[in-house]
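okay, sequence plus prediction incoming.
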Amino acid sequence: MNPSSNCDLSIVIPTYNEKDNIEALLDKIRNVLEKSGCNDYEIIVVDDNSPDGTADIVRKLGEKDDRIRLIVRTKERGLATAVKEGIKQSKKRFVVVMDADFQHPPELIPDLYESIQEGYDVVVASRYVRGGGVEGWSRLRLVASKTGCLIARMLVRGARKVRDNMSGFFIIRRDSIDLDRLKPKGYKILLEILGRHEGLKVREIPYTFKNRKAGKSKISTNTLVDFLIHVFNISEPLKFASVGLSGVIVNLGTMWLSLSLGLSKEISSLLGIELSILSNFTLHEKFTFKGRRDKKYGLPLRLLFYHASSSVSAVTTFTTMLVTSEYMGIHPLLGQFIGILLGFTANYLLSSRVIWLEQH
Ligand SMILES: Nc1nc2c(ncn2[C@@H]2O[C@H](COP(=O)(O)OP(=O)(O)O)[C@@H](O)[C@H]2O)c(=O)[nH]1
Ligand SMILES: [Mg+2]
């Protein structure tokens, strides 16, 4: 960091039972920053009322140095919500997020800061780019972690820009992030940030993830379940597919009901198709694409476009139903189902690339 520059930096550290790490860590951070000429910083520790008295230690340090700020949350728990709260309360232009257990080396903070000055919105400290790595992990843990990153990359568009999209160590330009978009339920805050802000300019710099210095990890096995739920919440393709699945049930359910009421197979098929289009549209509005703002087209147009885009699959479904039942002796309900499968892919492509397009 350039000593003459005003470093304008907040450092957010979530803590839960870190009494044996926190003081040494804060000392180390102050050292590193002052050595690199940065004085205009604040350190925000967000503690969830740790029973081991972490907050008391931070409070005492804060009395001597008002750059150290403490937030104690008594009603909420959780790493991601703690980080969000810390970012919200931060007053500087750039914010570093890091753990309290020395797994994220404070020596890297000046590099992160310098790197983001080159015009980025987010710079991620990465274990998975050349020069990065992990210390003391079993092969299994490494494979699991990398697989997680890969799944996230496949399913979350914004996460594709970096390899280590689940890193807990990164710097952001505060005003490039809309905190209201972040859903605090998520566990991986970086994934949340990248997933919900697709336009961010992001880069990675390597570091080695160290062994925890003292204390215990709070991450348990249900972290995996949390992760999968989280990816599901962010991933539009997954949400889209599940809405599609519900539409299949609406479609076939309506058709079955209509057939049972004695309506012709043609009318029943068309009723099933139209009702499923309407229910899918409603769910895409309220669920799949809910996070998208400033949409290019208004609601009536979106509804119209969605019908137009569904017309391909609707015609496919109807024709398949007719052909298979008339000429192949297949039950109209099964024919309808086969038609639905054929039409689905075309529908997704049209919806995500046209109807719910964001205005840039
Ligand atoms: N405020 C807060 N911090 C937490 C919570 N769970 C973990 N942390 C902190 O988040 C950081 C990472 O947690 P850790 O258990 O080391 O996760 P691991 O590195 O993935 O094993 C540490 O600084 C923890 O003290 C929580 O529920 N609330
Ligand atoms: Mg840790």
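Nice, thanks for sending it over. Numbers count the residues shown, from 1 in each chain. Ligands and ions are numbered 1, 2, ... in the order given.

any idea how far residue 340 is from residue 55?
56 Å (CB to CB, to the nearest Å). All C-beta atoms are positioned from the backbone trio N, CA, C, and that covers glycine.

is the host helix or strand of residue 80 up against ligand 2 anywhere?
Assigned by DSSP states H and E, residue 80 belongs to helix 79-89. No - contact of helix 79-89 with ligand 2 (CB under 5 Å from the ion) is absent, the minimum separation being 9.8 Å.

show me what that helix is packed against.
Secondary-structure packing of helix 79-89 (3 or more CB pairs under 8 Å, 6 or more residues apart in numbering; DSSP states H and E): strand 9-15, strand 41-47, strand 68-72, strand 94-97, helix 189-196.

so what touches that helix?
For helix 79-89, contacts defined as CB atoms under 8 Å, 6 or more residues apart in numbering pick out 10, 12-14, 16, 44, 46-48, 69, 71, 73, 76, 95, 97, 168, 172, 174, 177, 179, 182, 184-189, 192, 218.

could I get the helices and strands packed on helix 79-89 as TSV with mean neighbour count?
Formatted as TSV, the helices and strands packed on helix 79-89 follow (neighbours: other CB atoms under 10 Å):
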stretch	mean neighbour count
strand 9-15	26
strand 41-47	25
strand 68-72	19
strand 94-97	24
helix 189-196	25
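
for ligand 2, find the nearest of the ones you listed.
Among those, strand 9-15 comes nearest to ligand 2, with 10.3 Å by CB to the ion.

helix or strand right after the closest one?
Going down the chain from strand 9-15, the next helix or strand is helix 22-35, by DSSP H and E.

and that next one, what does it pack against?
On a contact count with 3+ CB pairs under 8 Å, 6+ apart, helix 22-35 meets strand 9-15, strand 41-47, helix 54-64, helix 109-116.

which one of the helices and strands packed on helix 79-89 lies nearest to ligand 1?
strand 9-15 (3.4 Å; CB to the nearest ligand atom).

identify the residues contacting the residue nearest the centre of the chain.
A centroid search over the chain (CA atoms, centre = their mean) returns residue 192, at 2.7 Å, as the residue closest to the centre. When contacts are counted by CB under 8 Å, 6+ apart, residue 192 touches 80, 182, 183, 186, 230, 234.

redo that, cut-off 7 Å
80, 182, 183, 186, 234 (CB atoms under 7 Å, 6 or more residues apart in numbering).

residue 128: neighbouring residues, count only.
By the criterion of other CB atoms under 10 Å, residue 128 has 22 neighbours.

meant to ask about residue 350, not that
Residue 350: 18 neighbours (other CB under 10 Å).

quick one: residues contacting it.
residue 309.

quick check, pLDDT for it.
pLDDT for residue 350: 74.

now the helix ranked longest in the chain: buried residues?
In the chain, taking DSSP state H as the definition, the longest helix is helix 299-327. Neighbour-count burial for helix 299-327 flags 302-303, 305-306, 309-314, 316-318, 320-322, 324-325 (criterion: 16 or more other CB atoms under 10 Å).

skip the chain neighbours and tell me the closest residue to residue 39.
residue 7 (7.2 Å; CB to CB, 6 or more residues apart in numbering).

so that neighbour makes contact with residue 36?
No - with contact defined as CB atoms under 7 Å, residue 7 does not reach residue 36; the gap is 8.1 Å.

the two: who's more crowded?
Legend: neighbour count by other CB under 10 Å for residue 7 and residue 36, higher for residue 7 (21 against 18).
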